[in-house]
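1. Fold the following.
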Amino acid sequence: MTTNMPSLVQETVGSKYNIDYLSWLTKDSHTSGTRPEHILRELENCLSRPLISVLHSLSSEFLKVLENYFTTISSFDISFNLSYLIRNIFPNTPVKVTVEAIDFLQRLLVEREMTIEDFLEALRVTRTTLSEKNVRSEETFIEITHQEDLETGMERLFVIFRIKSRSFDELQLIWDALIDAFNEKLPLKAREKVEVEVEPGE
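-> Below is the predicted model:
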């Protein structure tokens, strides 16, 4: 009897980190000495082996090594890919993403507060909303940052749109529209931890 190794590893490791392990293992960015080749060989060898042999390979020690690997590369890839993906959504708009925001976003993904697609889709609808409000990319600066309330310990991720050449009333109307559009795409449990704001630009 054989088993599907990708499915098995995804269930035991990938699901814990809310990632597709095959996409990580096959990325070109990991081909130059940054991924442990003995892990890849072990996974490849298991693809057509009997189930009992596969289970033996997935010992606690092996899974620990694999999980540590996923933790390391997911931290790097999320920080690199997030900025890239956001810039694809807002190709002509300056975007700043803080290190603290990346760290907090990763925790939200690992804890399944939301998925990366939830977050990106929320950003996509804000782009549409800004277009409907006739906000041009050259008027806008985007900052994604993290804040922690020292009294309560509550942490939040803020997506801040700084828009130039608009009155206070105009900014308020844009903000109200962005809140509605942004929150509609986020799971309920993520809405208290991920917020959108509009501020006057310089």
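2. Tally up the residues packed near residue 93, please.
-> Counted with other CB atoms under 10 Å, residues neighbouring residue 93 total 19. Backbone N, C-alpha and C define where each C-beta goes, glycine included.
3. Actually, residue 117.
-> Residues contacting residue 117 under the criterion other CB under 10 Å number 9.
4. now swap in the one 4 residues further on and tell me
-> Burial measure for residue 121: 17 neighbouring residues, criterion other CB under 10 Å.
5. Looks to me like it is in a strand.
-> No. Assessed with DSSP: H, G, I helix; E, B strand; the rest coil, residue 121 is helix; it does not lie in a strand.
6. my guess is it contacts residue 184, does it?
-> No. Look at residue 121 against residue 184 with CB atoms under 8 Å: they stay out of range, at 9.5 Å.
7. Identify the residues contacting stretch 170-181?
-> Under the contact criterion CB atoms under 8 Å, 6 or more residues apart in numbering, stretch 170-181 has outside partners 122, 125-126, 128-130, 132-133, 135, 161, 163, 166, 196-200.
8. 7 Å instead?
-> For stretch 170-181, the external contacting residues (CB atoms under 7 Å, 6 or more residues apart in numbering) are 125-126, 129, 133, 135, 161, 163, 196-198, 200.
9. Ok, stretch 111-121 next?
-> So stretch 111-121 is contacted by 18, 85, 89, 108-109, 185-187, 189-190, 193 (CB under 7 Å, 6+ apart).
10. Please narrow the residues you listed to those residing in helices.
-> Under the assignment DSSP state H, the contacts of stretch 111-121 contribute 85, 89, 108-109 to helices.
11. Most neighbours among those residues, which one?
-> Highest neighbour count within the ones in helices among the contacts of stretch 111-121: residue 108, with 21 neighbours (other CB under 10 Å).
12. In contact with it: list those residues for me.
-> Counting by CB under 7 Å, 6+ apart, residue 108 touches 114, 190, 193.
13. I'd say residue 185 and residue 122 touch.
-> Yes. With contact defined as CB atoms under 7 Å, residue 185 counts as touching residue 122 (4.0 Å).
14. okay, those two: which has more neighbours?
-> Set residue 185 next to residue 122 and count neighbours by other CB under 10 Å: residue 122 wins out with 22 against 18.
15. Do you have the helices of this structure handy? List them.
-> Under DSSP H, the chain gives helices at 5-9, 21-25, 37-46, 51-57, 60-89, 99-110, 116-132, 168-184.
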